[in-house]
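In: Next come a sequence and a model predicted from it.
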Amino acid sequence: MVDTAIASFVEGAVMTILASRDGTFQPAIGRGVGTRCSTDRSLFDTMVSRAQWPRLLANLGPGAPLAVTFVKPDDYRTYQVKGIVEALVPADAADRDVTHAYHGRIRPVLAALGVTAGQISFWLTDADLHRLRYRPTDVYVQTPGPRAGTRLEA
């Protein structure tokens, strides 16, 4: 379902918005700070700060549904990945490396669009960093235009 082009896209300089729901279907959202795909692209790991997004992560135990939207901020190319949570664990050194590399890729993109360093620094953090592992079940094109909302086939 996830080809190499999409895997490269989600691992790149994109904004990452995650959405979850609690047991009463109340939503929670947050931002990711770096994603990596497994070699076979069957699993994604997105890094998230529990310090910033505690409600989001409180909803995401194994088996929980999840929606993650990846947006390229300079042209609005967008994919939404729906999936099932496999694990949520504190980040290790390799996970922090993913986050720090992501910070290096996204800062200049946002700065070129006029986003201030103060605005960027607010959410580019590794405070209480956690690795959210999930298995994609569906991928949708969400880029504005005639294909918006189109589900990509396996």
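Out: In hand now; what should we look at? Residues are numbered from 1 along each chain as shown.
In: how about the helices in this protein?
Out: For the chain, applying DSSP state H gives helices covering 4-10, 54-58, 93-112, 117-123.
In: what helices or strands is the third one leaning on?
Out: Meaning helix 93-112. Contacts defined by 3 or more C-beta pairs under 8 Å, 6 or more residues apart in numbering; DSSP states H and E place helix 93-112 against strand 27-37, strand 44-49, helix 117-123, strand 129-141. (Each C-beta comes from the backbone N, C-alpha and C, glycine too.)
In: contact partners of the third one?
Out: Counting contacts by C-beta atoms under 8 Å, 6 or more residues apart in numbering, the residues outside helix 117-123 that touch it are Arg31, Val33, Ser49, Gln52, Ile106, Arg107, Leu110, Ala111.
In: ok, back up a step: could I get the helices of the chain in CSV, plus columns for distance to Thr150 and mean pLDDT?
Out: As requested, the helices of the chain are arranged in CSV below (distance: least, C-beta to C-beta, whole Å; pLDDT from 0 to 100):
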stretch, distance to Thr150, mean pLDDT
helix 4-10, 13, 94
helix 54-58, 26, 97
helix 93-112, 25, 96
helix 117-123, 29, 87
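In: Now mean neighbour count and distance to Ser38 too, for these, in JSON lines please.
Out: Shown next, in JSON lines, are the helices of the chain (neighbours: other C-beta atoms under 10 Å; distance: least, C-beta to C-beta, whole Å):
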{"stretch": "helix 4-10", "mean neighbour count": "15", "distance to Ser38": "9"}
{"stretch": "helix 54-58", "mean neighbour count": "16", "distance to Ser38": "21"}
{"stretch": "helix 93-112", "mean neighbour count": "15", "distance to Ser38": "13"}
{"stretch": "helix 117-123", "mean neighbour count": "12", "distance to Ser38": "25"}
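In: Throw those into JSON lines and include distance to Ala148, thanks.
Out: Listed next are these as JSON lines, based on distance: least, C-beta to C-beta, whole Å:
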{"stretch": "helix 4-10", "distance to Ala148": "16"}
{"stretch": "helix 54-58", "distance to Ala148": "25"}
{"stretch": "helix 93-112", "distance to Ala148": "22"}
{"stretch": "helix 117-123", "distance to Ala148": "25"}
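In: quick one: which of those helices is nearest Thr39?
Out: Minimum separation from Thr39 across the helices of the chain (C-beta to C-beta) falls at helix 4-10, 9.6 Å.
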